[in-house]
Structures are given as C-alpha cells and as structure tokens.
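Enquirer: From the sequence below, what's the structure:
(2 chains)
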Amino acid sequence: MRIPRPGPARVLASAVAGVLLLAGCSGGSGTGSADGSKPVAGGTLTYAVDTEPVSWDPHVSTQDLTAELQRQVFDSLVSEDAGGKFHPWLATSWEVAPDLKSFTFHLRTDVKFHDGTPFDAAAVKANFDHIVAKETKSQYAANLLGSYTGTTVVDPATARVEFAQPSAPFLQAASTTYLGFYSPKALAADAAKLGQGGAVDVGTGPFKFVSYSKGQEAVFAKNADYNWAPGTAEHTGPAHLDKFVVRFLPDASVRVGALSSGQVQVVKAVPPQSVAGLQADSRLKLVSQAAPGGNYNLWLNGSLAPLNDQKVRQAIQRGIDLDLDVKTVQFGQFPRAWSPISATTPGYNKALEGSWPYDRALSDRLLDEAGWTGRDGDGYRTKDGKRLTLVWPQLTANATQQSRDILGQAFQADLKKIGVEVQRPALDVGAYSTLVYGGKANIVDLAWARFEPDVLWLFLNSASDPAKGGINATFLPDKQLDDWTNQARATLDAEQRGKLYKQVQSRAIDLATVIPVYTPYALTGLSSNVGGLSFDSDTWLNFYDAWRTP
Amino acid sequence: MTAFRIGPAAAALPSRGPALLRAALRRLAGAVAVLFGAATLAFTALRLIPGDPVSVLLGPSTTTSPEVRDEIRRQLGFDRPVLAQYLHFLGRLLHGDLGQSYQLQRPVADLVAEQLAPTLQLVAAAVLLALLVAIASAVASAGRPPALRALTGAWELVAVSTPSYWLGLVLLTVFSFHLRLFPVAGADGFGSLVLPAVTLALPLAGTLAQVLREGLEAALAQPFAVTVRARGRGRTALVLRHALRHAAVPLVTLTGWLTGSLLGGTVLVESVFGRPGVGALVLGAVNSRDVPVVIGVVLLSALAFVLISAAVDLLYTVLDPRLGNR
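Expert: Numbers count the residues shown, from 1 in each chain, chains lettered A, B, ... in the order given. Predicted structure coming up:
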C-alpha cells in the first residue's frame, strides 16, 4: 500500500531522484583529494581519540564517540548531506504519510550483515523494537524514535515505521548511527553483550568490529563484501583501508605528539592552543568543522529567584563580554555564538548575529530597575539585605573540557563588575544531577550536538522536563515556544520549519533564558599522507572514503 | 648429621611444623577479615555518597525516560532496602561471584583479570628498576665524602618531588616524539613498557635510596663494621655483604607498601601513556558508581596487600634470622 505523497514529501522525493548526480560532490567539508592524489587501496590507519566509549552499543549510548566509531560498523536507512538533504542508503526510496505519522521505506535487497544474514524489513522492525524495549535501557536512541508505535513489515523489502505524533525530525534521526542496524541474529543471541564492543557487534557497515581491548585500542577490518555505500559517499564498493585502529589517548599533548612523530595518522580534539603549531608543520594538516545543533550555551533557570525576573536575566545576558572572553580562552578557534544553535544547523537564525552585544551600562540599568540597588562590603548588589548571587555548578569529571572552567572564571569576573556574584561549586555526578535536574541551580551549561534544529525542542519545549528525562534547563514553560517547536515537528516544509525555528531562537534570546557562548569545532589533525577523510553533518569522521599513502 | 648453624634457630626446628601451620591459619583468618572489611567499607562508602545511583550511572547528558530509569533501578536492585542489597551482595561474594559491571556489560572478574596483567607488568618493572637504582645510588654514596652525598641527595630530592604526570610527558617528548625510540601508547611488548616504567620508577627510587642510605650509614657506624674491616675486607664487600643486609629490613617494608599502593595508583601514568590498567578501570567505575567494579578492585588491592605483607614478613626472617624466633 502506497501513501499518496503530499507537497513537502515531493520536495524530498526530488532530492532522492537527484542523488546520483549529487553523490560525487557532497559529504561535508572533507579534505577530499587534497593532494590531488588518487585513493590507494590497503594499509592501516590509526586514529587517536580523547575519550573511550563507556558502551559501544549505539542503541543505548548517548556518546558522540560511540556513534562516530560505530558508524563504520552500522549503516542507516538514509544519509544526510551537509545541506540537510537526504540520500538513499539501505533504503532506496521512501514515502512520508501526509500526517507525518508514518514513513514507508523501500529497502535494498542485496545487503548482507557481517554474519551473512540478509538485511530486510524484519531486521528494521527487530532493531527499532529493540531500541524502544525498556530492557534495552536506551539513553538516547529511544528518544530519537520519539512517539514510535511500531514497524509494519509490508513485504521483505518494505518497512513502514509508525508514530503516534507527527515526526518530521525522524528522517534525520534515521540517518544517524544511533538508529543503525544490528544483525537480528546478534540481537537475539547477544542482546546483553552488545555494549562490550568487539565481534559481537555485527552490522552491515564497511568495516567489521574485530576486537576491543579496554584502555588500549579497538580494531576494525574492511568488509570486503561491502557494496551499498550511501548516496553521500565519494566511492562505491569496499572501503580503501584494510584496517582501521582506534587508540585511546586522553592527554591532548600526547595525541599531538603521537601525530607529529608519525605514530598515529589522525587525532581527534586537537586543543585550540596547538592549532598554530600543527598548521606550521608541512607534514600535517588540520581539518575543522562546526558542530551542528546546540552550541555551548548557558541556560538560565527562570523558575528560581533571582533569575525569575526577566530584567535580571537580561542583565546577565548582556553583562558578559563574550567576544573577548571566548576569543582569549579558545585561541580564536571557536567562534562566539549568537543563537542557541550553531550556524551550520538547518534553520539557523542569522539575524540574531550582533543583536545583543555586550553592554555593561544596560546591565547596570536593568539591575537598578529590578530593585538590586544596594551594595555590600564586597561590592555586590543587594536587595532587601540579600546579595545578588547565582549558583552555577560545575561537574568535576569534565570541568576542564574545552577550557570551560577558565571561561567560567572570565564570566565570574565580568559579572562581578556589574555587582553579581557567581558561585561555582564543584560537584560529582550525583550531587550535580540532583541540583541541576531538580531545578535548584541558577545556571546550567550544556552543549548538545545534532544536525537538526529539533534540538531546540529538547532545550525549550516544556514537555522536555528534566524530571521526565528531558533537558529543558530553563524551567520556564512558554506557550509560544511549545507551540512553535511542536508545529515544526509536524511539517517537512523546509521553509515553514525554518521560519518556526527562527522564531524560537529569537524568542529564547528575548526571554533571556539562554546565553549562547560559542560553537565548538571538531578540530582534527591528520598526517599529510591521509586522503579522502571527511566529516559527516554531525562532525563525525567518515573512514569509508579514507585512504593512506605510505 | 651436624647442624649447619648453631644457635636458637636450629634448636627451634623440631617445633617448627605446627607453629608454621598455626601461623598460616592465623594469617588466613586475618586475610579473610581484611577482605570482608574492605568489601563492606567500599559498599558503605559508595552508598553514603548522596545522589540517585541511577542518575549517577547515566551521567549528566542523557534523555533517559523515567520508565527506563525504573527498569535500571529494578534490575540493579536499587529499589530494595540497603541492608537487603548488602546481604545479597555478600552472599554472591561468598560464592566467589564478583557480579557484572553495571555499565560495561561484562563480568567484573573478567574485567579485573584483563586489566590486571598490564598493571602488574608495569608495577613489577617499575619496582625492580627503582630498587636497582636505589641500591646503586645508596651503596655508592653511603659513608662517602659530603660532596658526593650532596649530589646523590639532590637527584633523589628532585626525583621524589617531580610529578610523574609531568615526568611522563617530558620522557615522551624526548624519547618518543623526537628520538622515536619508543612507542607512545599501548601495552604491547617491551618497548611500550620502558617509558612508563621509568616514569613510575624514578620517584620511587628517590624515596627508597634515601631510606636505604640512612640504614646503611647506621649499620656502618656499628662496631661490627670495624671488625669486618679489621679482617681485611674492602669497603665494597663490607657494604654489600654486611651493611646492606642490616639496612634491608626498612627497605623491604617500604618496597612492599609502595608496590601495594601502586596497583591502583598508576592511573596518571597509564593515562599519559594510553595504557590499559586497573587504575583507569577503577577511576571510571568510581565516577559512575559502578559498585561491582569498584568492590572488585578494592578486593584485589586488599588481597595484594595481604600477599605482599606475608611476603615481606617471610623476607624479614630470611634477612634477619633473629626475627624468626619471636
């Protein structure tokens, strides 16, 4: 049964039709064939990363690194290019119901898992059902499936995925590793071991997961049968590399040293202060791409005094010299942000740029108007004898990530100038979660990457209540924000969605529940003998097209 | 047969069997008590930290639904009274079952066993190297002119006060990044063991050398030193054959203690060199309150201390037979 295509879906279908033409030139801002050299078959590439997956199961984990590394093992139904267009992958085409509550995928029939099992509609159903089963204990993928109600196996090559609510963001979700496919055999036999990594993780991807030794390395080997590359890839057939090894090197200077001495060929998370040195070395190159989705933002808790007063929130928003602070601390590598989402995210509101500059005089005036006119011995403002104090907890486990602790000190110094005290208690995860998700902190800092403006729903819709597993740390229900983020989920019309999301961004800035700080960039260093390596739209490296010359 | 040795040690020989058995039993009972106490302490400490254990386990960045949280709570038994959890945990432990990691989906025994080997290699190499360096430094300088002693004292002080994290980075920069003699990361083969072992050994060697020289000089000041020299033996023979034996008792005690504490304390060095190990395992487990893993490692450390202290006691009697008669 085919569902008639509505207008918006037709836009999508034409994008699908044009995919073969696009295939050669899409796929993020990669290095491409930078040296003009041709791809070389064979060889091993070693990739040094800064953290280590806690769980290797993309159906369970929220970790970006799990999704990035397992991308080599697990394929998705569709792939999305840097322009936000969808291309065929394991699905050759698809139709979307007019109410956006069901998506019908027509699947390739020549795809086999690493264990020889064919990929079909039953595998789609088994995987999606596995993700939402509470025994799986999914921390993110289940959220991406939203109001999923089930998958109907129409025939072996046709799967219909159904939802209770309109689900426009689903196609993007379906393009991520989080909704990638395990062999149904692996799901049945090893469901309790998928997070261990290694050979139990059986997918359809261009690499097989050979082995994982914790604290040391993960090894992936080429899947010689691979012949179902996504429309966004630069070649077809098996991967160029024979082997792909991941090393875990938490120390940034060690990663950079390992790269410059040729012991690894690619390193993740080059620290901003090392960028200049790396660029000066002719044997190395740097590729960078802005992370999509939520920037590194401060979220102000509008339900708790003193930030329940919009004037105070605005005073804080305008009282931090973000241009100077971000530039100094991040060595000019991460640009300061003007919107809660990054400029590379579809629906970004460019009009916000420059619209709320640093204005200390305005902040002082706003605080005076809000009644914080007294001053105590330390120079902080007071009202009715109480000091104007904000609590912004930091999590000890990742306080130093991207120098955010130092940036926080700069903000403290700025806010002190307008008479606001900022306290930064250092807490472990337990105390932090209790305080922050219980709505007892004034400020929360949070970044959330996803190549989809629907992250604004996560941040700002009142249904995304932290008490219910959400991350809306503004604790300020707002009817307009709710309506707009819900409406944007119910349309595939890019223009309409863009309009709604732009309104959402402006409203969040006007309400001053958010202070966008900077857009994190994926800074990746590579040896000049590596070619074809590119970022996908989520800033995850794609090793399928990569090669290495001796 | 004539006894090789005359004295109380030889006279005590006939009663040695039962006494040895009694001592072994006493030690075994002590070991069990230590393990039980360590496990209980670790369990209690982890439960006393405030915060919802499920939230801690999931970490701060998650969109986990309340239903899934309840499922985790039920599966891990957090919904039961603490005393019931404790008894359940103890019962499992008595059956030799360390349980399953909450996060890594693997049996704790496997995890610990897998991470223990690289740590043991590193610790053994570092302690051996530290002992060699310490003995060389102390023997060469004990009872020597003040200038030489000041020189060795200076290097020891520098070695003791250098943070191993920094030392590791310096060694890496010179020997791995520039000279390319050793690989930066991993635990495969001898080459990858050299730099981390040196990093760990130098501060240890500094401490051990200071203690050993102190002991050597005390021994050299005793009357027997003069007797030995009067018999015509050289200084080196005096120090190596006689004084060293006297000074070795505090050295052995300290080495045993350092070895035990190194088992969990190598995490910084392991992290610089990208080596697997027990330290990194337990650090991650403590941060996420992965109770079975933490307790597994705590039990391992307790066991290591028990074994090391038994070995040290045994060594005492070899080094100084008088101690065997207590």
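Enquirer: Leaving out chain neighbours, which residue sits closest to the residue in the stretch 51-200 of chain B that chain A sits nearest to?
Expert: When distances are taken as CB to the nearest CB, the stretch 51-200 of chain B reaches nearest to chain A at residue B:51, 2.0 Å away. For every residue, glycine as well, the C-beta is placed using N, CA and C. Nearest in space to residue B:51, with sequence neighbours left out and distances taken as CB to CB, 6 or more residues apart in numbering or on different chains, is residue A:430 at 2.0 Å.
Enquirer: what's the answer for residue A:443, then?
Expert: Of all residues not flanking residue A:443 in the chain, residue A:392 sits nearest, at 3.8 Å (CB to CB, 6+ apart).
Enquirer: didn't the one you found look like it was pressed against residue A:441?
Expert: Yes - counting by CB atoms under 8 Å, residue A:392 touches residue A:441, with 6.8 Å between them.
Enquirer: Run through the strands of the stretch 51-200 of chain B in chain order.
Expert: Using DSSP state E, counting those that start in this stretch, no strands are found in the stretch 51-200 of chain B.
Enquirer: how about the residues of the stretch 351-500 of chain A that lie near chain B?
Expert: Residues of the stretch 351-500 of chain A lying close to chain B (CB under 8 Å from any CB of the partner chain) are A:395, A:397, A:428-434, A:436-437, A:446, A:448, A:458, A:467-471.
Enquirer: hmm, which of these are the buried ones?
Expert: A:395, A:397, A:428-434, A:436-437, A:446, A:448, A:458, A:469-471 (16 or more other CB atoms under 10 Å in any protein chain shown).
Enquirer: from those residues, which ones fall inside helices?
Expert: Residues of these located in helices (DSSP state H): A:429, A:430, A:431, A:432, A:433, A:434, A:436, A:437, A:458.
Enquirer: For the fifth one, give me its contacts.
Expert: The neighbours of residue A:433, taking CB atoms under 8 Å, 6 or more residues apart in numbering or on different chains as the test, are B:51, B:52, B:55, B:56, B:60.
Enquirer: And the second one, by the same measure?
Expert: Contacts here follow CB under 8 Å, 6+ apart; on that basis residue A:430 touches B:49, B:50, B:51, B:52, B:53, B:55, B:56, B:289.
Enquirer: what separates residue A:86 from chain B, distance-wise?
Expert: As for residue A:86, its distance to chain B is 23 Å (criterion: CB to the nearest CB, to the nearest Å).
Enquirer: So residue B:290 is in contact with residue B:106, correct?
Expert: No - checked against CB under 8 Å, the pair residue B:290 and residue B:106 is beyond contact range at 11.0 Å.
Enquirer: Which of those two has more residues huddled nearby?
Expert: With other CB atoms under 10 Å in any protein chain shown as the criterion, residue B:290 and residue B:106 differ in neighbour count, and residue B:290 comes out ahead with 26 against 18.
Enquirer: Now that one. Its backbone dihedrals?
Expert: Main-chain dihedrals, residue B:290, degrees, to the nearest 10: phi -80, psi 80.
Enquirer: Next, the contact list for the closest residue in space to residue B:276 that isn't next to it in sequence, please.
Expert: Spatially, and ignoring its direct neighbours in sequence, residue B:276 is nearest to residue A:215 (2.9 Å; CB to CB, 6+ apart). Residues near residue A:215 by CB under 8 Å, 6+ apart: A:52, A:248, B:115, B:118, B:270, B:274, B:275, B:276, B:277, B:280, B:281.
Enquirer: about what we covered before: just give me the closest of the contacts of residue A:433 to residue A:192.
Expert: Using CB to CB, residue B:56 is the member of these that sits closest to residue A:192, with 21.6 Å.
Enquirer: Near the closest one, how many other residues are there?
Expert: A count of nearby residues for residue B:56, using other CB under 10 Å, gives 24.
Enquirer: Check the one 5 residues further on too.
Expert: A total of 16 residues lie near residue B:61 under the criterion other CB under 10 Å.
Enquirer: and if you look at the one 5 residues further on?
Expert: Per other CB under 10 Å, the neighbour tally for residue B:66 reads 10.
Enquirer: I'd assumed residue A:466 was in contact with it.
Expert: No - if you go by CB under 8 Å, residue B:66 and residue A:466 don't touch, sitting 10.9 Å apart.
Enquirer: Quick check: which ranges of the chain have low pLDDT?
Expert: Because you didn't say which chain, this covers chain A. Across chain A, the ranges flagged by pLDDT under 70 are A:1-37.
Enquirer: please go with chain B instead
Expert: Scanning chain B with the threshold set as pLDDT under 70 gives B:1-17, B:186-187, B:264, B:324-326.
Enquirer: Can you classify the spatially most central residue of it by secondary structure?
Expert: Per CA atoms, centre = their mean, the C-alpha nearest to the average position across chain B is that of residue B:260, at 2.0 Å. Classification of residue B:260 using DSSP: H, G, I helix; E, B strand; the rest coil returns helix.
Enquirer: So it versus residue A:174, what's the distance?
Expert: Computed as CB to CB, to the nearest Å, the residue B:260 to residue A:174 distance reads 53 Å.
Enquirer: Over to residue B:319?
Expert: Counting by CB to CB, the gap from residue B:319 to residue A:174 is 70 Å.
Enquirer: Mind checking which of those two has more residues around it?
Expert: In this view residue B:319 and residue A:174 are compared by other CB under 10 Å, and residue A:174 has more residues nearby, 27 against 17.
Enquirer: Name the nearest residue to the more buried one, ignoring sequence neighbours.
Expert: Nearest residue to residue A:174 in three dimensions, chain neighbours excluded: residue A:77, at 4.7 Å (CB to CB, 6+ apart).
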